[in-house]
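> Sharing a model prediction with you, sequence too.
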Amino acid sequence: MATASWSCMAWSTTTTGCPAPRAASRCGSSTRPGDRREFGVFASRPKRAPLSKGVRPADAKVRRFPRCRPRRSVCPRTSVPTSKSNPPPAKPPTGRRHSDAPTLLDVARAAGVSEMAASSALNGGRRGSARVSAQTCERVLAAAKQLGYRPNATARALANQRTNAIGLVANFLGDEPNLYFLEVFSGVIQGATAAGQTTSVFTLADWAEAPAHLPAVCDGRVDGLILLGPRLQDDGSAWLPPHTPMVSVQADRPIAGVLNIASDDEAGAFEMVRRLLEMGHRRILHIGGPSAYTGANRRAEGYLRAHAEAGVKPAAGHVVRTDLNSEAGREAMLQWLQRHRGRPLPEAVFAGNDAIALGCIEALRSRGLVVPDDISVVGYDHTLMARWMQIATVRQPLHEMGRRAVEALMRRIEISRRGEPFNEPLNIVVPTEIVPGATLAASRRSRLNIA
């Protein structure tokens, strides 16, 4: 019997024309001696005489065995090279990525010290200063400067349990810039810069939104809040988060657990009106802010108290309320002059703030009156507008109030971090002073009527 093989295929020639299976381990088949087994069926035909090599009878048939699945090799699998070429190596980045910024470990290795020693040296010896010598500090600082190392602010905040950020909440919306708030805001920025704090500003369209928005701000993004001119409907005890220290500036009412910094509005108004009365003015018109504002009401009370102590009764209809802006002051002054046409012209106007005073001056000049020869006009706050127009006014230390608010807030943050109770007074009152200006003069001798 002649056989030939290729891969897993076996060739067999027999006189019966039936393929005889090979006992090839590669195919996983086996044949017992004396059996003729082909796919599980025994052959019954007798064997023929073997043929000579290379000779095949005419009736002989050649058949293939089906392809057998090779047994899995027990040898470890090796990678088979593919025809695809390897991709070219990536080019090195041309610029430094954020993740490539030098770390504290890089500084420590460059200086030849441990990370703890490098951290202590970079913190100015505030941590572990006894373990770091002056020479080591110099070496670490030189390495940090050479590498361009910058401390990770987030990591520092986590380690110190501080974000080193404070928030300022205010209502800045209006038809014209609120110079009062801007003066306080400049003081807050100066104080925060001196304390190494960043400042985030959160604006409200109306203070009625405070119960819904203020708790959301106290989510850990700032260490404390400064409320600028808050006008809350209650004391906030039911909804203000107790874990966030707060300080207010010129709050409209006491707020639970919140330190407030304010000027004495009643005393400031009293001193200004008393000065007018001392200069001979008797008919003094007061155009104040809205009656819904506590500060405006206090200034009106100072106006009345000064008259009472001087024994002078205010003229009827000489207290007017309007909004705290120049346009409102202008309209209020024009309407008052229109209603009192033919009556005696007031000798002075005490405005509720500098913006109202500016509006009054514009209205009087539009009617041909001269300030202060015909009528004096004084304001309140001493904002940039009053300084530029040289308006006589009552000075509130607005810039100082903002700066002191930051100082008070930083004390409260530190006390809260230590878990100690806050025992300082919750109300700080700053004094006011009278600032003379070009809009104030002694009472005129002649009487003028409103044309």
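Looks like it came in fine. Numbers count the residues shown, from 1 in each chain.
> Just list the residues touching the closest residue to residue 207 other than its chain neighbours, thanks.
Using CB to CB, 6 or more residues apart in numbering and skipping residues adjacent in sequence, the residue nearest residue 207 is residue 231, 4.4 Å away. Every C-beta, even on glycine, is put in place using the N, C-alpha and C of the backbone. Contacts for residue 231 (CB atoms under 8 Å, 6 or more residues apart in numbering) come out as 207, 252, 253, 292, 293.
> Equivalent analysis for residue 199, please.
For residue 199, the contact set (CB under 8 Å, 6+ apart) comprises 165, 166, 167, 168, 188, 189, 192.
> Listing partners with orientation, what would you give for the helix or strand that the fourth one is a member of?
Pointing back at residue 168 there. In this structure, residue 168 is located in strand 165-170 according to DSSP states H and E. Strands that pair with strand 165-170, judged by DSSP bridges, come out as strand 198-203 (parallel), strand 224-228 (parallel).
> Mean neighbour count, the ones you listed: which tops it?
Between the strands paired with strand 165-170, strand 224-228 has the highest mean count of neighbours, a mean of 25, where neighbours are mean count of other CB atoms under 10 Å.
> looking only at pLDDT, what's the mean for that one?
For strand 224-228, mean pLDDT is 96.
> Just put the contacts of residue 199 in TSV and tack on pLDDT, neighbour count and distance to residue 248.
Converted to TSV, the contacts of residue 199 look like this (pLDDT from 0 to 100; neighbours: other CB atoms under 10 Å; distance: CB to CB, whole Å):
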residue	pLDDT	neighbour count	distance to residue 248
165	92	16	19
166	95	25	13
167	95	22	13
168	96	24	11
188	96	26	12
189	96	17	17
192	96	23	16
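> in stretch 440-451, what's buried?
Neighbour-count burial for stretch 440-451 flags 440, 441, 444, 450 (criterion: 16 or more other CB atoms under 10 Å).
> tell me the least confident of these?
residue 444 (86).
> can you confirm it is in a strand?
No: applying DSSP: H, G, I helix; E, B strand; the rest coil, one finds residue 444 to be coil, outside a strand.
> Tally up the residues packed near residue 141, please.
A count of nearby residues for residue 141, using other CB atoms under 10 Å, gives 17.
> In this structure it contacts residue 118, no?
No: if you go by CB atoms under 8 Å, residue 141 and residue 118 don't touch, sitting 9.7 Å apart.
> still on that earlier bit, can I get the contacts of residue 231 in CSV with secondary structure, pLDDT and distance to residue 242?
Below are the contacts of residue 231 laid out as CSV (DSSP: H, G, I helix; E, B strand; the rest coil; pLDDT from 0 to 100; distance: CB to CB, whole Å):
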residue, secondary structure, pLDDT, distance to residue 242
207, helix, 91, 20
252, coil, 92, 21
253, coil, 92, 19
292, coil, 92, 29
293, coil, 93, 28
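> Can I get the buried part of these as one ChimeraX selection?
Remark: buried members of the contacts of residue 231, expressed as a ChimeraX selection using 16+ other CB under 10 Å:
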select :207,252,293
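> For the contacts of residue 231, could you give me TSV that also reports distance to residue 263?
Converted to TSV, those look like this (distance: CB to CB, whole Å):
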residue	distance to residue 263
207	20
252	14
253	16
292	19
293	14
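> helices and strands around the helix or strand containing residue 361, which ones?
Element membership for residue 361, per DSSP H and E: helix 354-366. Applying 3 or more CB pairs under 8 Å, 6 or more residues apart in numbering; DSSP states H and E, one finds that helix 354-366 contacts strand 284-288, helix 326-339, strand 348-351, strand 376-378, helix 384-389.
> Strand 284-288 and that one, what's the angle between them?
130 degrees (axes from the mean of the first three to the mean of the last three CA atoms, to 10 degrees).
> buried residues in helix 354-366?
Here helix 354-366 shows 354, 355, 356, 357, 358, 359, 360, 361, 362, 363, 364 as buried, counting by 16+ other CB under 10 Å.
> Run through the residues that contact the third one.
For residue 356, the set of contacting residues under the criterion of CB under 8 Å, 6+ apart consists of 287, 288, 289, 322, 324, 325, 326, 328, 329, 332, 379.
> what pLDDT, on average, does the longest helix anywhere in the chain get?
When the chain is parsed with DSSP state H, its longest helix is helix 398-418. Helix 398-418 comes out with an average pLDDT of 94.
> now that helix and strand 198-203, what's the angle there?
110 degrees.
> and after helix 398-418, which helix or strand comes next?
That would be, after helix 398-418 and using DSSP H and E, strand 427-430.
> returning to what we had before: residue 272: which of the contacts of residue 199 is nearest?
residue 188 (26.8 Å; CB to CB).
> ok, now which ones touch the closest residue to the closest one other than its chain neighbours?
Spatial nearest neighbour of residue 188, excluding adjacent residues (CB to CB, 6+ apart): residue 402 at 4.1 Å. Counting by CB under 8 Å, 6+ apart, residue 402 touches 183, 184, 185, 186, 187, 188, 189, 190, 191, 226, 249.
> Likewise for residue 167?
199, 200, 201, 202, 217, 221, 222, 224, 225, 226.
> what's the answer for residue 368, then?
residue 451.
> same check, this time on residue 278
Counting by CB under 8 Å, 6+ apart, there are no residues that residue 278 touches.
> oh, and call the first residue 604 from now on, that's how I've got it
Renumbered: residue one is now 604, and that last one reads residue 881.
> Residue 966 and residue 1034: what is the separation?
Distance from residue 966 to residue 1034, counting by CB to CB, to the nearest Å: 32 Å.
> now residue 839
28 Å.
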